[in-house]
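[1] Coordinates for the following, if possible.
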Amino acid sequence: MERWVTGRIIRELRERIGITQAVLADRIGVSDKAVSKWETGRGYPDITLVEPLASVLGVSTAELLSGCAVTNTNLSANMLRSRLYVCPVCGNVICAIGEAHVSCHGIALPPLDAEPADEGHELSMEMVENELYVHCGHPMDKAHHLTFLAAVSPDRVQLVRLYPEGPAEARFRRAGVRDVYVYCNRDGLFGAQVPTFARRRKATVAPHTR
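    Take a look at the predicted model:
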């Protein structure tokens, strides 16, 4: 990232919304020569212009300053397309309906990509009345443990926080749950699909690929 905002991102966002340098300049109260200098790297917008510049370009100030514009294509708000973020400093878990620009403790957080559940993070599922009981045989030591289990359906994300020396299990409302995820503090996110036969008997699920 350059001093404040990269010229590349200003140009890309301006062209994306279909306005000229002159129109952009007029909307934020500067000259078109100033915009030209920004886009060619010969100058930078003053910090007081970042907020109005972001507003005109249709992004957040965080996106503009990071030089990375986020386009969320999940307009239908399908929770199955949610993305999970975890802060490595405090362990804060954030769920967004699609792509987002997320930060915690001053760190830009990348969305987690789920790996197929492997032998060390295998998930067992069982129907208990109207709930889905999920258990993992992973160790729960202070240095190596699971931090949460999550169940995702088209209309909701259910998340249960796990703690060291506690049980690696959770119960979720079963209705509509299709995917289950588990997060390991060392190895990251793993996922599996909920098989239909999990409603009838205990099952060890097949690996899930997003």
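
[2] all helices of this structure, in order?
    7-17, 21-28, 32-39, 50-57, 61-66 (DSSP state H).

[3] Those helices into JSON lines, with extra columns for mean neighbour count and mean pLDDT?
    In short, each C-beta sits where N, CA and C put it, glycine included. Listed next are those as JSON lines, based on neighbours: other CB atoms under 10 Å; pLDDT from 0 to 100:
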{"stretch": "helix 7-17", "mean neighbour count": "17", "mean pLDDT": "89"}
{"stretch": "helix 21-28", "mean neighbour count": "17", "mean pLDDT": "94"}
{"stretch": "helix 32-39", "mean neighbour count": "19", "mean pLDDT": "89"}
{"stretch": "helix 50-57", "mean neighbour count": "18", "mean pLDDT": "90"}
{"stretch": "helix 61-66", "mean neighbour count": "18", "mean pLDDT": "74"}
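
[4] Please produce a markdown table containing the ones you listed, extended by distance to residue 85.
    Below are those laid out as a markdown table (distance: least, CB to CB, whole Å):
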| stretch | distance to residue 85 |
| --- | --- |
| helix 7-17 | 21 |
| helix 21-28 | 31 |
| helix 32-39 | 30 |
| helix 50-57 | 21 |
| helix 61-66 | 13 |
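
[5] Now do the contacts for the closest residue to residue 187 other than its chain neighbours.
    Using CB to CB, 6 or more residues apart in numbering and skipping residues adjacent in sequence, the residue nearest residue 187 is residue 121, 6.9 Å away. Contacts for residue 121 (CB atoms under 8 Å, 6 or more residues apart in numbering) come out as 136, 138, 146, 182, 184, 187, 190.

[6] same thing with residue 182?
    117, 121, 123, 136, 138, 146, 148-150, 168, 189-191.

[7] And for residue 79?
    97, 152-157.

[8] Give me the subset of the residues you listed lying in strands.
    Counted as lying in strands by DSSP state E, out of the contacts of residue 79, are 152-153, 156-157.

[9] What pLDDT is listed against residue 189?
    With respect to pLDDT, residue 189 scores 94.

[10] if I look at it, how far off is residue 173?
    Using CB to CB, to the nearest Å, residue 189 is found at 21 Å from residue 173.

[11] between the two, who's got more neighbours?
    Taking neighbours as other CB atoms under 10 Å, residue 189 and residue 173 compare with residue 189 leading, 19 against 13.

[12] Kindly present the contacts of residue 79 as CSV, with separate columns for pLDDT and distance to residue 86.
    Below are the contacts of residue 79 laid out as CSV (pLDDT from 0 to 100; distance: CB to CB, whole Å):
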residue, pLDDT, distance to residue 86
97, 83, 17
152, 94, 16
153, 92, 21
154, 89, 23
155, 89, 23
156, 91, 20
157, 93, 14
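
[13] List only those of these flagged as buried.
    97, 152-153, 157 (16 or more other CB atoms under 10 Å).

[14] would you turn those residues into TSV with distance to residue 54?
    TSV is the format used below for those (distance: CB to CB, whole Å):
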residue	distance to residue 54
97	21
152	31
153	34
157	28
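
[15] picking up where we left off before, tell me the two of the contacts of residue 121 that are most distant?
    Longest distance between any two of these is 12.0 Å, between 136 and 187; criterion CB to CB.

[16] Which one of those two is surrounded by more residues?
    The neighbour comparison of residue 136 against residue 187 (other CB under 10 Å) goes to residue 136, with 23 against 15.
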